[in-house]
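Visitor: here's my sequence, what's the structure:
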Amino acid sequence: MNHTVTTWGLSSRATSYLSQHPEQLPALAEAKALPPLPPGYVPEVVEVLFDDLPYLRAVNGELIFSRDCLPDYQPGCVEYRMDDQLAFFQIGGEVVVDRLGGLALVQGRVA
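Guide: Predicted structure coming up:
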């Protein structure tokens, strides 16, 4: 496993997950090195992936794709992409990447 992962302060569960999914590491390392999204940022495209599969896609605030899943489905990882940038990634309940700090609020909600 990449030495960088050991410096991320992750739980053994998250580290184990990443050791089983090493293809995730380059994108995670790159995203962790980037600053938060800029203040007032409003993405044109928002995608939500569960276990590396797209489940939601919205363009300019309009939902254009959604995939059904079972009500009790618990994905191993959840990823939010904003305009094709990795902005948030969590394994179980553990946040690995969080660049959402600059997202604008629209009508009291995160845009």
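Visitor: ok now the helix or strand containing Ser16, how far from the chain's centre?
Guide: Using DSSP states H and E, Ser16 sits within helix 12-20. Put simply, helix 12-20 sits 16 Å off its chain's centre (CA atoms, centre = their mean, to the nearest Å).
Visitor: then that helix to PDB, C-alphas only?
Guide: Only the C-alpha atoms of helix 12-20 are listed here, as PDB (Å, rounded to 0.1, in the frame of the first residue of the first chain):
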ATOM      1  CA  SER A  12      -8.100   0.100  10.000                       C
ATOM      2  CA  ARG A  13     -11.500  -0.500   8.300                       C
ATOM      3  CA  ALA A  14     -10.800   2.300   5.800                       C
ATOM      4  CA  THR A  15      -7.200   1.200   5.200                       C
ATOM      5  CA  SER A  16      -8.400  -2.300   4.600                       C
ATOM      6  CA  TYR A  17     -11.000  -1.200   2.100                       C
ATOM      7  CA  LEU A  18      -8.400   0.900   0.200                       C
ATOM      8  CA  SER A  19      -6.000  -2.000   0.200                       C
ATOM      9  CA  GLN A  20      -8.700  -4.100  -1.500                       C
END
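Visitor: and that helix, what's buried?
Guide: Within helix 12-20, the residues scored as buried using 16 or more other CB atoms under 10 Å are 14, 17-18. Glycine gets a C-beta too; all of them are placed from N, C-alpha and C.
Visitor: and which of the residues you listed is nearest Leu53?
Guide: Leu53 has its nearest neighbour among the buried residues of helix 12-20 in Tyr17, at 15.6 Å by CB to CB.
Visitor: residue boundaries of the helices in this structure?
Guide: 3-6, 12-20, 25-33 (DSSP state H).
Visitor: adding distance to Val48, write those helices out as JSON lines.
Guide: Below are the helices of the chain laid out as JSON lines (distance: least, CB to CB, whole Å):
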{"stretch": "helix 3-6", "distance to Val48": "24"}
{"stretch": "helix 12-20", "distance to Val48": "18"}
{"stretch": "helix 25-33", "distance to Val48": "15"}
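Visitor: related to what we said a few turns ago, can you redo the buried residues of helix 12-20 as a markdown table with distance to Leu100 and pLDDT?
Guide: Converted to a markdown table, the buried residues of helix 12-20 look like this (distance: CB to CB, whole Å; pLDDT from 0 to 100):
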| residue | distance to Leu100 | pLDDT |
| --- | --- | --- |
| Ala14 | 19 | 95 |
| Tyr17 | 21 | 94 |
| Leu18 | 21 | 94 |
